[in-house]
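[1] got a sequence here, can you build the structure:
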Amino acid sequence: MMPGFGGLSLRRGTAVLFAAAFAALVGCRPAPPPPDLAPEMAAAAITELWSQEQMNHFKVTFHSDDLVECGVKNDLWKLVEVTDRNGNAWATTYRLTDRGNKIVTAINLKETGRGHEILLKGPYRIEVTGITDGSQPNTRQVAFRWDIDWDRAADDLKACIPRFELSGTQTALFQLDGNSWRFVSYLNPEEIQAPPQSADSAPATPTVSMPVTH
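    As a prediction, this is how the structure comes out:
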């Protein structure tokens, strides 16, 4: 046997065992927890959809005695006949013009002046008001307030539609996808999971307000 060979083999064996033990220890470490959904992240994801003309059609209902006339004068909508398959007129309604289609998605105007319905499409501002756990694992509910970004809105929109009517609230559902959160859908009121309430527990995620513009 060559001198020192046994000691060298012992040292090599010890090193191999140490490396194996270290690898096993590293492999047994728990995976890092997924990132939490921050208000800034949620607002940015929603705003990105809006910029692509997705999920940005919010309906408002309000009363106005001069809305119809104002829109006609500004060439936003016009009165047209509704005809049957034979071309016979049986009713009239207001339809958006090409100009009006650039500022809103759809209209349902009332001659009485009450209950006008307009389907908006922005531009919006967003303010996240709270984030809570969803009804399923790895989901979050994002409550937010939206309103028309008046500074960026078209002059035609400002001409006839009252600013104080152009706002509302929504709740968005987010789901963890790998290491990132993705927007799933808006929730109907009956789908919203109420946060747990107890005397000794704090909200799952603190309410945070943060205006974000795109």
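[2] CA only for contacts and neighbour counts going forward, please
    Will do.
[3] which residue would you name as the spatial centre of the chain?
    In the chain, the C-alpha closest to the average C-alpha coordinate belongs to residue 46, at a distance of 3.6 Å (CA atoms, centre = their mean).
[4] ok so that residue is a helix residue?
    Yes - under DSSP: H, G, I helix; E, B strand; the rest coil, residue 46 falls within a helix.
[5] contact partners for the closest residue to it other than its chain neighbours?
    Once flanking residues are discounted, residue 46 sits nearest to residue 183: 7.3 Å by CA to CA, 6 or more residues apart in numbering. Contacts here follow CA atoms under 8 Å, 6 or more residues apart in numbering; on that basis residue 183 touches 45-46, 172-175.
[6] pLDDT for the residues you listed - can I get that in TSV?
    Shown next, in TSV, are the contacts of residue 183 (pLDDT from 0 to 100):
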residue	pLDDT
45	97
46	97
172	98
173	98
174	98
175	97
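[7] pull the most distant pair out of those residues.
    Using CA to CA, the two most remote members of those are 46 and 175, lying 13.3 Å apart.
[8] go through stretch 137-153 and flag the buried ones.
    Taking 16 or more other CA atoms under 10 Å as the basis for neighbour counts, the residues of stretch 137-153 that come out buried are 139-150.
[9] pick the one among those closest to residue 95.
    Where those are concerned, and distances follow CA to CA, residue 95 has its nearest neighbour in residue 148, at 22.3 Å.
[10] domain ranges for the chain, per the record?
    According to automatic domain parsing, the chain is divided into the following domains: 35-54+123-192+201-214, 57-121.
[11] what's the least confident stretch among these?
    Of all these, mean pLDDT reaches its minimum on domain 35-54+123-192+201-214 (a mean of 88).
[12] for that domain, the distance to its chain's centre please.
    From the chain centre to the centre of domain 35-54+123-192+201-214 is a distance of 4 Å (CA atoms, centre = their mean, to the nearest Å).
[13] ok, stretch 92-103 next?
    Centre to centre, stretch against its chain (CA atoms, centre = their mean), the figure for stretch 92-103 is 27 Å.
[14] surely residue 174 and residue 139 touch.
    Yes - Residue 174 is in contact with residue 139 according to CA atoms under 8 Å; the separation is 5.6 Å.
[15] can you map out the helices along this protein?
    5-28, 39-51, 67-73, 98-101, 155-160 (DSSP state H).
[16] which residues are in contact with the third one?
    Taking CA under 8 Å, 6+ apart as the criterion, the residues outside helix 67-73 that touch it are 77-78, 109, 111, 113, 159-161.
[17] how does it look with 10 Å?
    75-79, 94, 96-97, 100, 109-113, 116, 156-157, 159-162 (CA atoms under 10 Å, 6 or more residues apart in numbering).
[18] need the buried ones from these selected in ChimeraX.
    In ChimeraX, the members of those classed as buried (16+ other CA under 10 Å) are selected with the following command:
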select :76,77,78,94,96,100,109,110,116,156,157,160,161
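[19] strands - which of the contacts of helix 67-73 land there?
    For these, the ones inside strands are 77-79, 94, 96, 116, with DSSP state E as the criterion.
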